[in-house]
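Chemist: what's the 3D shape of this:
(chains A and B)
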Amino acid sequence: MINKLVLENLKYRWVRTLGSALIVGILVASIITLIGLSRGMLEESAARAKGTGADIVLRRDTGGTISLNTGQISEKFLPLIRSQPHVVQAVGVLTQSVEIITAMNGVNVPEFEKISGGFHFLEGGPPKGPDDIVVDEPYARQKHLHVGDTLKLLNYDWHLSGIVEGGMLARFVVRLDTLQDKTGNTNRLSQIYVKLDDPALTDTVVAEFNKKFAGELKAMSIADLVAMFSISSIPQLEIFIKVITGMWVAVGFLVVFLSMYTAVVERTREIGILKALGAKPWMIVDLLMREAILLALVGWVLGVGMAVVARQVIVSVAPASLSVINVPDFWPWAALIALTGALLGAIYPGMKAARHDAIEALSYE
Amino acid sequence: MSSVPLTEAVPEIIRVCNLRKVYRTGDVDVEALRGIDLSIRRGEFVAVVGPSGSGKSTLFHILGGLAPPTSGEVWIDGIDLRKMSESQRTEMRQRKVGFVFQKYNLLPTLTARDNIGLAQAIAGIKTQPVGFDNTLKMLGIVNRLDHKPRALSGGEQQRVAIARALVNQPAILLADEPTGNLDTANSNAVLDLLRDLNQRTGQTILMITHNPEAAAFADRIVYMRDGKIVEKGGG
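Modeler: Model (predicted):
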């Protein structure tokens, strides 16, 4: 019966219920989308690193692991690396940041294809001329590009020579010498990808490299690199998400607080009736808490739905700009966040209602 | 709570001795009840009549456990209200007392059936009392139970409120101006029902009213003025 009363109360004031649930839903959708975006971007980077087919990556020994450092390694290291035991191939890559979150990679394509097994071209072929560029399919789809088109990046006009399947190396691939020239990084690299004759020896070779090139290069297995593409491996991102989550809990709290506070004032007489019938204070608090929980759950369902739709819209409109993934494993956490905000928001109105004097409440107009 | 040894007065269901109630408004003490003595036997239908400010509503609130007395004795069905905590008075309201208010006080979000059921749920009672269907028939609301208050007339709402007050088989039914919001026809119907209920089931009823015509339906009339009982009539 109490649950029925809760349900009927929410139905009776359906505009406020829907409004409050929608706001909670928008908060839930926002946080799910933020997590989906963070993870999507990181997973995309991880997939690209994995897609190189290399076993080891070498970078400048600066302590940083996931930064787009341009030209920090001398090309002279390449022959040295190639001469190391178990190394089948080593390819130098220069990475240049484009449009803030996207990267253009300069690479010697024939050499790179030896470790990666080759790009899968959907249209055209590898960059041959100095201004040739290869883009991945999501970018081509988003920009409606076809082989032969010209695109402007880094203040240069590029000739589109090929469109490849996404998930390998980078969104944009050009010739290494071209990118070195255009970015003033002649004979410089950002990282070196290494293919071994026996992948089982990866950890041993990584240890060997780190010993041999200490202070100059830092080796890391691709598996370890991929594992680092997670939110928990990037403290700044983790803190940002926690701050945003905290703010959303606060907003959720305020929404439910205002909704419940208004409800308590509006329903003073009804609370008086319940008290006259013998309802104890905890029963009144319980009633409002249940309403808050139901509001949060309805908001959560709406929020999950909105997040799924938002992801679909983002993926359709900007497949190459923002990689958002569905994060169903995070949905229960989003529910917990919504419930926390809602329950915190219901405490004071609940206590206020429980403290109402029955006689005064019954005479409330 | 403690039981009173009413060996001589077993039929008494309400006993009030020298009841006083003082409200504090700002720095001023307002004496609402100034030494009330009242005895009501089980099965009586008593009307308390008095003008506004006579203290009848305060008496109603104290007898219903909605407010504590300042001093004096109040016994309801053998229970001493003076010694009861707020929580115990709340429990008493669940089963010992049934309220009927002037403004019906039904929850607008629930149907008539659920309004009645809610009183049971709050008291933790799961089944309807035996013969309650007959009570509903007598009240003439069997076909109106699935309607919400806004779909019911004033008379119907008050009859639902009476059903709600009776569903937990209270020792006393307290009615505060039960016809105050009704037209003459509906007022008479409700008063007839209360009298019928009293006569058929022996339900003890204490009705507060300022209307002498309504009071005439009771077995006995008690007159109040300025916080005191000024006359105890025979109805």
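Chemist: So which elements touch the helix or strand where B:Arg20 lies?
Modeler: Assigned by DSSP states H and E, B:Arg20 belongs to strand B:12-25. The elements that strand B:12-25 packs onto, with contact taken as 3 or more CB pairs under 8 Å, 6 or more residues apart in numbering or on different chains; DSSP states H and E, are strand B:28-41, helix B:56-63, strand B:71-76, strand B:204-209. Every C-beta, even on glycine, is put in place using the N, C-alpha and C of the backbone.
Chemist: other SSEs contacting the third one?
Modeler: Counting contacts by 3+ CB pairs under 8 Å, 6+ apart, strand B:71-76 packs against strand B:12-25, helix B:56-63.
Chemist: and these as JSON lines, adding mean pLDDT and mean neighbour count?
Modeler: Formatted as JSON lines, these follow (pLDDT from 0 to 100; neighbours: other CB atoms under 10 Å in any protein chain shown):
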{"stretch": "strand B:12-25", "mean pLDDT": "89", "mean neighbour count": "17"}
{"stretch": "helix B:56-63", "mean pLDDT": "91", "mean neighbour count": "24"}
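Chemist: what would these look like in a markdown table with distance to A:Ile73?
Modeler: Rendered in a markdown table, the data for these read as follows (distance: least, CB to CB, whole Å):
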| stretch | distance to A:Ile73 |
| --- | --- |
| strand B:12-25 | 85 |
| helix B:56-63 | 87 |
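Chemist: Stretch A:153-160: how far from the chain's middle?
Modeler: The chain centre lies 28 Å from the centre of stretch A:153-160; the measure is CA atoms, centre = their mean, to the nearest Å.
Chemist: buried ones in whichever helix or strand B:Glu213 is part of?
Modeler: When secondary structure is defined using DSSP H and E, the element that contains B:Glu213 is helix B:212-215. Of the residues in helix B:212-215, those buried under the neighbour-count criterion (16 or more other CB atoms under 10 Å in any protein chain shown) are B:Ala214, B:Ala215.
Chemist: Name the next helix or strand following that helix along the chain.
Modeler: Per DSSP H and E, the first helix or strand lying C-terminal to helix B:212-215 is strand B:220-225.
Chemist: Mind listing what's buried along that next one?
Modeler: Per 16+ other CB under 10 Å, strand B:220-225 contains these buried residues: B:Arg220, B:Ile221, B:Val222, B:Tyr223, B:Met224.
Chemist: In contact with the closest residue to B:Val74 other than its chain neighbours, which residues?
Modeler: On the basis of CB to CB, 6 or more residues apart in numbering or on different chains, the spatially nearest residue to B:Val74 that is not a chain neighbour turns out to be B:Leu81, at 4.0 Å. With contact taken as CB atoms under 8 Å, 6 or more residues apart in numbering or on different chains, B:Leu81 is in contact with B:Ile62, B:Gly65, B:Pro68, B:Pro69, B:Val74, B:Trp75, B:Arg89, B:Met92.
Chemist: Please indicate which of those are buried?
Modeler: By neighbour count, with 16+ other CB under 10 Å, the contacts of B:Leu81 hold B:Ile62, B:Gly65, B:Pro69, B:Val74, B:Trp75, B:Arg89, B:Met92 as buried.
Chemist: May I ask you to confirm that the last one is in contact with B:Gly65?
Modeler: It stands for B:Met92. Yes - in this structure B:Met92 lies within contact range of B:Gly65 using CB atoms under 8 Å: 4.7 Å.
Chemist: Overlap of the contact sets of these two?
Modeler: Any residue near both B:Met92 and B:Gly65 by CB under 8 Å, 6+ apart counts here, and that gives B:Ile76, B:Leu81, B:Met84.
Chemist: between those residues, which is nearest chain A?
Modeler: Sorting the shared contacts of B:Met92 and B:Gly65 by distance to chain A puts B:Met84 at the head of the list, at 13.0 Å, by CB to the nearest CB.
Chemist: Ramachandran coordinates for the closest one?
Modeler: Dihedral angles of B:Met84 (phi, psi; degrees, to the nearest 10) stand at phi -90, psi 140.
Chemist: Need the residue closest to the centroid of chain A.
Modeler: The geometric centre of chain A, computed from its C-alpha atoms, lies nearest to A:Ser38 (CA atoms, centre = their mean), at 1.3 Å.
Chemist: Thanks a lot, see you next time.
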